[in-house]
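In: give the three-dimensional model of this entry:
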Amino acid sequence: MRRLRNVKIVATLGPASSDYKTIRALFEAGADVFRLNMSHGTHDEQRARYDIIRQIEVDTGRPIAVLADLQGPKLRVGTFAASAADLEEGDKFRFDLDKEEGTNHRVCLPHPEIFAALEPGASLLVNDGKIRLKVEDCGPDFANCVVTVGGTISNRKGVNVPDVVLPLAALSEKDKKDLEFACSMGVDWLALSFVQRPEDVLEAKALAKGRAQVLSKIEKPAAVKAFAEILEVSDGIMVARGDLGVELPVHSVPPIQKSLVRKCRAAAKPVIVATQMLESMIESPMPTRAEVSDVATAIYEGADAVMLSAESAAGRYPVEAVSTMDNVAQSVESDPTYREVIEASRKANRQTVADGIVAAAREIAETTEVAALCCYSQSGKTVALVGRERPRVPIIALSPVAATLRKVCLYWGVHSVHCDYLERFKSAVVNAARAARDYGYASETDQIVVIAGVPFNVTGSTNILRVAPCDERLIYSQDPE
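Out: Reported below is the predicted structural model:
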């Protein structure tokens, strides 16, 4: 099984996609990575989904990545005596720590850390920004506000505080338990919600202890401001446009998305574009034209992956949503303009021998008749560097490490293939030739580029490149030893 596109598809599992038949259909329709949303469902339910994914991996013989998305701290108002209150523009309204049920004039906001960070003039957004208030006066246990955008505020609605960096840990106690559960289960990626500073990422990585890669979700203005520092310590990035579009002016999200995608690509770290990509397909078998254009834009920008949330987790047409994304990707990537955009946005960032090797491999592939670029990699780092180059030919990642093969399923253009531990470069060339032929990337008359490191099985030793025939007889005749 091979994909006919380079961008990867992340599909969230949920009530609509919890059985073997549906998850298998999602994989066959094009899902490369499955997301387990730790905000919903029990550990037993998530483990059952994980076990199904691993069974499909065995049944199809293809590596599959699993991403566990941690909930992060949820800020919510308390309850109201009448279950809700109507606020109009210009009304005065107070948030405080009093646990008494709310009225038209006040409600409990059980988060003293918010009051500790607030200043007059700061904004408070309720219910995904539908209600907006401005702080006029505040203290350690209250905030007196004026309503700038009215609406109905009801029990336990979410609160966003876009103007300040909150003294909140990115990992709640629930998140820490979920992280340990996910890592012990064997997930490949952890998505960290509401990151504000690089220290949030370092805390998660310390708890993960190398058992999973940590991907930072960019959904706070503070994260956008500190993005360079967050990117440096993260293994990957998710542009989570939902909360980002609540806390920032919605028209600012597209240029932020484009900027973050380019910075991730320059750093050779995978980036997912997420939230509301095919939202209408929760209820409809067909997306809107605007949604298709949105998915296409992320692909043109060079994102490693595009993601489905409720569309595949709770929608009526989960398989159709994945198929639609797959079709859009194939259509975009067959457009000559796509290659022009991708190559015009390539940014040289070559400081090591490995950087030079992968850049040379891409140039050789683009100037000669080469069918595929094959990387033998222990950790997946070389694969990430090759992906950064966005070559015109397929990327085949060969590794004896199952965790590496699963991890790189998120990387742009990569087809993962298991091979044995090798001791000689000729063995790597032979394995690469077989993989290229077996998966239909090349025939015996074609050539491939093989990248590896000597000595073998040592992380970070990429130092050799060879243009080789796909005919094993020619390989052995050229290198009889």
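
In: OK, contacts around the residue lying closest to residue 211 once chain neighbours are set aside?
Out: Excluding the flanking residues, the one nearest residue 211 by Cβ to Cβ, 6 or more residues apart in numbering is residue 183, at 4.1 Å. Every residue, glycine included, has its C-beta placed from N, CA and C. Shown in contact with residue 183 (Cβ atoms under 8 Å, 6 or more residues apart in numbering): 190, 207, 208, 209, 211, 212.

In: of all pairs in these, which one is the farthest apart?
Out: Maximum pairwise distance among the contacts of residue 183 (Cβ to Cβ): 11.5 Å, between 190 and 209.

In: ok, these two, which is more surrounded?
Out: Comparing residue 190 with residue 209 by other Cβ atoms under 10 Å, the one with more neighbours is residue 190, at 27 against 9.

In: I'd say that one and residue 217 touch.
Out: No: with contacts counted by Cβ atoms under 8 Å, residue 190 stays clear of residue 217, the gap being 10.4 Å.

In: part of a helix, is residue 78?
Out: No: assigned with DSSP: H, G, I helix; E, B strand; the rest coil, residue 78 falls outside any helix and is coil.

In: measure it to residue 238 for me?
Out: In this view, residue 78 and residue 238 are 30 Å apart by Cβ to Cβ, to the nearest Å.

In: of those two, which one has the most company?
Out: Between residue 78 and residue 238, counted using other Cβ under 10 Å, the more crowded position is residue 238 (30 against 20).

In: the more buried one against residue 223, yeah?
Out: No: in this structure, residue 238 is not within contact of residue 223 by Cβ under 8 Å, at 10.7 Å.

In: give me the common contacts of these two.
Out: By Cβ under 8 Å, 6+ apart, the residues touching both residue 238 and residue 223 are residue 216.

In: now do the phi/psi pair for residue 392.
Out: When read as degrees, to the nearest 10, the backbone of residue 392 gives phi -80, psi -20.

In: strands along the stretch 1-150 of the chain, start to end?
Out: Along the stretch 1-150 of the chain, the stretches classed as strands by DSSP state E, counting those that start in this stretch are 8-13, 33-37, 65-69, 84-87, 92-96, 106-108, 123-126, 131-139, 142-149.

In: once you drop chain neighbours, what's closest to residue 151?
Out: In space, residue 151 is closest to residue 131, 4.4 Å off (Cβ to Cβ, 6+ apart).

In: hey, what's that neighbour bridged with?
Out: residue 126 (DSSP bridges).

In: got the contact list for residue 307?
Out: Contacts here follow Cβ under 8 Å, 6+ apart; on that basis residue 307 touches 9, 10, 11, 12, 35, 238, 272, 273, 274, 275, 277.

In: is it correct that it falls within a strand?
Out: Yes: per three-state DSSP, residue 307 lies within a strand segment.

In: against residue 12, how distant is it?
Out: In terms of Cβ to Cβ, residue 307 sits 7 Å off from residue 12.

In: shared neighbours of the two, which are they?
Out: Taking Cβ under 8 Å, 6+ apart as the contact rule, residue 307 and residue 12 both touch residue 35.

In: backbone dihedrals for the residue nearest the centre of the chain, please?
Out: Centroid-nearest residue in the chain, with Cα atoms, centre = their mean: residue 272, separated by 3.6 Å. Dihedral pair for residue 272: phi -110, psi 130, per degrees, to the nearest 10.

In: so what pairs up with it in the strands?
Out: Beta-bridge partners recorded for residue 272 (DSSP bridges): residue 238, residue 305.

In: okay, now the unreliable bits of the stretch 301-450 of the chain?
Out: 348-350 (pLDDT under 70).

In: let's see it at 90
Out: Within the stretch 301-450 of the chain, the ranges that satisfy pLDDT under 90 run 345-354, 366, 369, 421-428.

In: ok, which stretches of it are helices?
Out: For the stretch 301-450 of the chain, the helices defined by DSSP state H, counting those that start in this stretch occupy 310-313, 318-333, 336-344, 353-367, 381-389, 402-407, 425-438.

In: mean neighbour count and distance to residue 228 added to those, as CSV?
Out: Below are the helices of the stretch 301-450 of the chain laid out as CSV (neighbours: other Cβ atoms under 10 Å; distance: least, Cβ to Cβ, whole Å):
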stretch, mean neighbour count, distance to residue 228
helix 310-313, 26, 32
helix 318-333, 22, 29
helix 336-344, 12, 23
helix 353-367, 18, 19
helix 381-389, 26, 17
helix 402-407, 22, 23
helix 425-438, 21, 36
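
In: the residue nearest to the centre of the chain reaches residue 241, doesn't it?
Out: No: with contact defined as Cβ under 8 Å, residue 272 does not count as touching residue 241 (10.8 Å).

In: the domain parsing of the chain - what is it?
Out: 8-72+170-334, 84-160, 353-478 (automatic domain parsing).

In: wait, which of those is closest to residue 347?
Out: That would be domain 8-72+170-334 among these, by Cβ to Cβ, at 4.6 Å.

In: average pLDDT for stretch 197-212?
Out: Computed over stretch 197-212, the mean pLDDT rounds to 97.
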